[in-house]
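Novice: Take this sequence and fold it.
(chains A and B)
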Amino acid sequence: MTTAELIGQDPGWLITVKAFMVFGLCVILTLIAIWAERRIVARMQMRLGPNRTGKFGLLQSLADGVKLAFKEDLIPKAADKIIFVLAPLISVTVCFLAFAVIPISGPVSLFGRQTAMQLTDLPVAVLYILAVTSIGVYGIVLAGWSSGSVYPLLGGLRSSAQVISYEISLGLSLVAVFIYAGSMSTSEIVAAQDRFWFALVLFPSFVIFVISMVGETNRAPFDLAEAEGELVGGFHTEYSSLKFALFFLAEYVNIISVSALATTLFLGGYRAVPGLGFTEAWLGGWFTVFWFLGKVSLFFFFFIWLRGTLPRLRYDQFMKLGWKVLIPSSLAWILVVATLRVLTAEGASQFIIGGFTLGVVLLVLAASTLYERSKVKRQAFLHNIGEMPEPSFPLPVMPTARKNERLVIESHE
Amino acid sequence: MNNESNSNELEPLNRAERESHEVIDNGPSGFASQLKGFWVTFRTMFKKVNTVQYPEVKEATAPRFHGRHQLNRHPDGLEKCIGCELCAWACPADAIYVEGADNSEGERFSPGERYGKVYQINYLRCVFCGLCIEACPTRALTMTNEYELADDQRQKLIFEKEDLLAPLRAGMLLPPHPMYPDADDQTYYRGEVPGASPLQENIAEPNK
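Specialist: Residues are numbered from 1 along each chain as shown, chains lettered A, B, ... in the order given. A predicted model of the protein is given here:
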């Protein structure tokens, strides 16, 4: 029996219970995630991070939440009141929606009924996730627009441009998964990875997905939408109290849900690491939840690692990466995957498939060689700039140039 | 130095020629060298943290840290401060207030003619620059390493003489009391007074 058939038999009360469980999981994971992020980033900077509230500071995010709730709730005079209130609600609602189709565990028994920890399954579940996460952009754009202030507006615009650009490569990276799994249902994609994880089979797709999911969630190094140094706080500059807390919650639930999506599509979801398949039966099947959460936290750690390591990209570099690198390369990759798939389905000989693969590899090598050559040429051109016509205006002396300058002067005399 | 003054007299165009320099842009560095940064942050996670858990753990300050002031005593317990107000004059923040008074034979606080009767330091104003310490002619005023000077009332942060005076150590006698037998302020200044003698004590008693 497939997971879809299994959860299709759930009575209404069980669906309600599962909905509450998924919601609770998201909220608790957010609280832990904020704490973990602060502690780990602190370690990367040789600090300790919050360690005073509760054991190891575990209650820090809860305390911050309570503090936020008691703050004054301001609505600026220039704000469009209805949309201003609506925007954080949109943001926070849709990011929880994405979690509905994520398979969290294998078949388990809950209150005496056989089911799986997945709220619902659709034949187009992954498309549904893409759809609801892109509605989340509305929250950001509307928040920026309705604040009646310039910084939030700029933040909102940046964010919309960013999410739209990266959604394309995110979607394209999933196409190869659909081709291989032969389905868009999350539970069937998990089932299709019983032998090899798609992260290995479709490695380029995996890399593109991981990069675009960072862009999609407005996280460092792609956090241009709320670039603190440039835009104060970005789209949520004018928000305070619980409305700000909702944006904060939405950001973290989003990170967790894209991590969960990546786990489902590329790392075999709730399934155990190959070779440890026997653990899936432990605790009556509930042990699969630990596999799922372990893989999600692996992705979350990657998010934190990125934040601790990389500086924020400039806006044009960011757009260049999205449009000139990620989208063309994922299109080319889809072409390769589709051709291979068709060749296998048509029953082509090993020779033809091997020849095609070799051809692709050679093509990639040739392209990268040409690129390197053009880079060398460009550098040579830049090095020769010194021989170009003199500028007619005085240039300031850079500190590094001082030494050379002195040499020049001495040789003049 | 000579070269620079010459270059300023040149025509702008020549100066530009001289001061222009190559811009070297090698583009983004290779993939492997970009991964180095990830290794740095990962390795740092396992290093010893710099954080000090302050109220529970207190690290020693640098030996010459500028902390709270102290008014020192001579080895027999007499105060070193002579009420000259040089510290107050040296203070750039006007944080010190001194009122001197005459020592009398019956009531002597310091060797010599004068002593500091009122001595106040306002720690709301003090910038801990140490100019008062440099100004003090008798080394009466020095600084300790004590830095916990926060309080909840402004009045509490004006330290009086009794807050600043160094504690009485072994062999010291609480002033007022007469000088060491056959000693004068010069002897005290040269550090030739070893400690309080019983003679000083006997005379000190009736005055109390």
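
Novice: Residue numbers of the stretch 201-350 of chain A in contact with chain B?
Specialist: Where the stretch 201-350 of chain A comes near chain B, counting by CB under 8 Å from any CB of the partner chain, the residues are A:305, A:308-310. Yep, even glycine has a C-beta here, placed from its N, CA and C like the rest.

Novice: Neighbour-wise, which one of the residues you listed leads?
Specialist: Counting neighbours by other CB atoms under 10 Å in any protein chain shown, residue A:308 leads those with 22 neighbours.

Novice: before we move on, what SS does that one have?
Specialist: Using DSSP: H, G, I helix; E, B strand; the rest coil, the secondary structure recorded for residue A:308 is helix.

Novice: got any ranges where the stretch 201-350 of chain A has weak pLDDT?
Specialist: Counting by pLDDT under 70, the stretch 201-350 of chain A shows low-confidence ranges at A:227-231.

Novice: And the helices in it?
Specialist: Counting by DSSP state H, counting those that start in this stretch, the stretch 201-350 of chain A has helices at residues A:203-216, A:228-231, A:241-266, A:287-309, A:315-320, A:327-345, A:350-383.

Novice: Quickly compare those helices and say which is most buried.
Specialist: Ranked by average neighbour count under the criterion mean count of other CB atoms under 10 Å in any protein chain shown, those are headed by helix A:241-266 at a mean of 24.

Novice: any idea how far that one is from the chain center?
Specialist: Here the centre of mass of C-alpha atoms in helix A:241-266, compared against the chain's by CA atoms, centre = their mean, to the nearest Å, lies 9 Å away.

Novice: so it versus helix A:287-309, what angle?
Specialist: Relative orientation of helix A:241-266 and helix A:287-309, computed by axes from the mean of the first three to the mean of the last three CA atoms, to 10 degrees: 110 degrees.

Novice: Now do the helices in chain B.
Specialist: Counting by DSSP state H, chain B has helices at residues B:2-9, B:12-19, B:31-44, B:86-90, B:131-135, B:161-164, B:185-189, B:198-207.

Novice: then the fifth one to PDB, C-alphas only?
Specialist: Written as PDB, here are the backbone C-alpha positions of helix B:131-135 (Å, rounded to 0.1, in the frame of the first residue of the first chain):
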ATOM      1  CA  LEU B 131      46.600  63.000  35.100                       C
ATOM      2  CA  CYS B 132      45.900  63.500  38.900                       C
ATOM      3  CA  ILE B 133      48.300  60.700  39.700                       C
ATOM      4  CA  GLU B 134      51.000  62.300  37.600                       C
ATOM      5  CA  ALA B 135      50.300  65.600  39.300                       C
END
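
Novice: can I assume residue A:162 is in contact with residue A:218?
Specialist: Yes - counting by CB atoms under 8 Å, a contact exists between residue A:162 and residue A:218, whose distance comes to 6.9 Å.

Novice: Overlap in contacts, these two.
Specialist: Shared between the contact lists of residue A:162 and residue A:218 (criterion: CB atoms under 8 Å, 6 or more residues apart in numbering or on different chains) are residues A:224-225.

Novice: tell me the contacts of residue 111?
Specialist: I went with chain A, as the question did not name one. Residue A:111 makes contacts with A:14, A:17, as judged by CB under 8 Å, 6+ apart.

Novice: Wait, chain B was what I had in mind.
Specialist: For residue B:111, counting by CB under 8 Å, 6+ apart, the contacting residues are B:74, B:78, B:179, B:183-185, B:187-189.

Novice: Which pLDDT value goes with it?
Specialist: As predicted, residue B:111 sits at a pLDDT of 91.

Novice: for residue B:3, same thing?
Specialist: Note on residue B:3: pLDDT of 48.

Novice: Repeat that for residue B:203.
Specialist: Residue B:203 is assigned a predicted lDDT (pLDDT) of 55.

Novice: before we move on, what about residue B:121?
Specialist: The model reports residue B:121 with a pLDDT of 95.

Novice: Nearest to chain B within the stretch 101-250 of chain A, name that residue for me.
Specialist: residue A:221 (10.9 Å; CB to the nearest CB).

Novice: List the backbone torsions phi and psi for the residue nearest to that residue when sequence neighbours are not counted.
Specialist: By the measure of CB to CB, 6 or more residues apart in numbering or on different chains, the closest residue to residue A:221 outside its immediate chain neighbours is residue A:310, 3.9 Å from it. The phi and psi torsions at residue A:310 (degrees, to the nearest 10) take the values phi -100, psi 140.

Novice: any idea how far residue A:158 is from residue A:172?
Specialist: In this structure, residue A:158 and residue A:172 are separated by 22 Å, where distance is defined by CB to CB, to the nearest Å.

Novice: In terms of neighbours, single out the busier of these two.
Specialist: Between residue A:158 and residue A:172, counting by other CB under 10 Å, residue A:158 is the more crowded of the two (24 against 21).

Novice: wouldn't that one be in contact with residue A:314 here?
Specialist: No - counting by CB under 8 Å, residue A:158 sits too far from residue A:314 to count as a contact (11.8 Å).

Novice: give the contact list for residue A:102.
Specialist: Residues touching residue A:102, when contacts are defined by CB under 8 Å, 6+ apart, comprise A:118, A:186, A:257, A:260-261, A:264.

Novice: I'd like those laid out as TSV, including distance to residue A:107.
Specialist: Compiled in TSV, these are given as follows (distance: CB to CB, whole Å):
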residue	distance to residue A:107
A:118	10
A:186	15
A:257	23
A:260	19
A:261	21
A:264	16
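
Novice: wait, which of those is closest to residue B:164?
Specialist: The shortest gap between residue B:164 and any of those belongs to residue A:257, at 62.6 Å (CB to CB).

Novice: Setting the sequence-adjacent residues aside, check what's closest to the closest one.
Specialist: Leaving aside its sequence neighbours, residue A:257 sits nearest to residue A:98 (CB to CB, 6+ apart; 4.4 Å).

Novice: helices and strands of chain B: which one has the lowest mean pLDDT?
Specialist: Least confident helix or strand, chain B: helix B:2-9 with a mean of 49, by mean pLDDT, DSSP states H and E.

Novice: Tell me if I'm right that the residue nearest to residue A:221 and residue A:220 touch.
Specialist: Yes - Residue A:310 sits in contact with residue A:220 when judged by CB under 8 Å, with a separation of 6.7 Å.

Novice: gap between the longest strand belonging to chain B and the chain center?
Specialist: The residue-count maximum for a strand in chain B (DSSP state E) belongs to strand B:114-122. In this view, strand B:114-122 has its centroid 17 Å away from the chain centroid, taken as CA atoms, centre = their mean.

Novice: that older thread, list just the nearest of the contacts of residue A:102 to residue A:31.
Specialist: Within those, distances to residue A:31 taken as CB to CB reach their minimum at residue A:257, with 15.5 Å.

Novice: contacting residues for the closest residue to residue A:69 other than its chain neighbours?
Specialist: Nearest residue to residue A:69 in three dimensions, chain neighbours excluded: residue A:242, at 5.6 Å (CB to CB, 6+ apart). Contacts here follow CB under 8 Å, 6+ apart; on that basis residue A:242 touches A:68-69, A:73.

Novice: Which of the residues you listed has the largest number of neighbours?
Specialist: Ranked by the number of neighbours (other CB under 10 Å), the contacts of residue A:242 place residue A:68 first, at 17 neighbours.

Novice: contacting residues around the residue of the stretch 101-250 of chain A closest to chain B?
Specialist: A:214, A:306-307, A:310-313.

Novice: repeat that for 6 Å
Specialist: In this structure, residue A:221 makes contact with A:310, A:312-313, judged by CB atoms under 6 Å, 6 or more residues apart in numbering or on different chains.

Novice: Pipe those into a markdown table and attach distance to residue A:197 per row.
Specialist: What follows is the contacts of residue A:221, written out as a markdown table (distance: CB to CB, whole Å):
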| residue | distance to residue A:197 |
| --- | --- |
| A:310 | 26 |
| A:312 | 31 |
| A:313 | 29 |
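
Novice: just those residues now: which is nearest chain B?
Specialist: For these, the closest approach to chain B (CB to the nearest CB) belongs to residue A:310, at 7.1 Å.

Novice: Give me the neighbour count for residue B:97.
Specialist: Should you count by other CB under 10 Å, residue B:97 turns out to have 14 residues around it.
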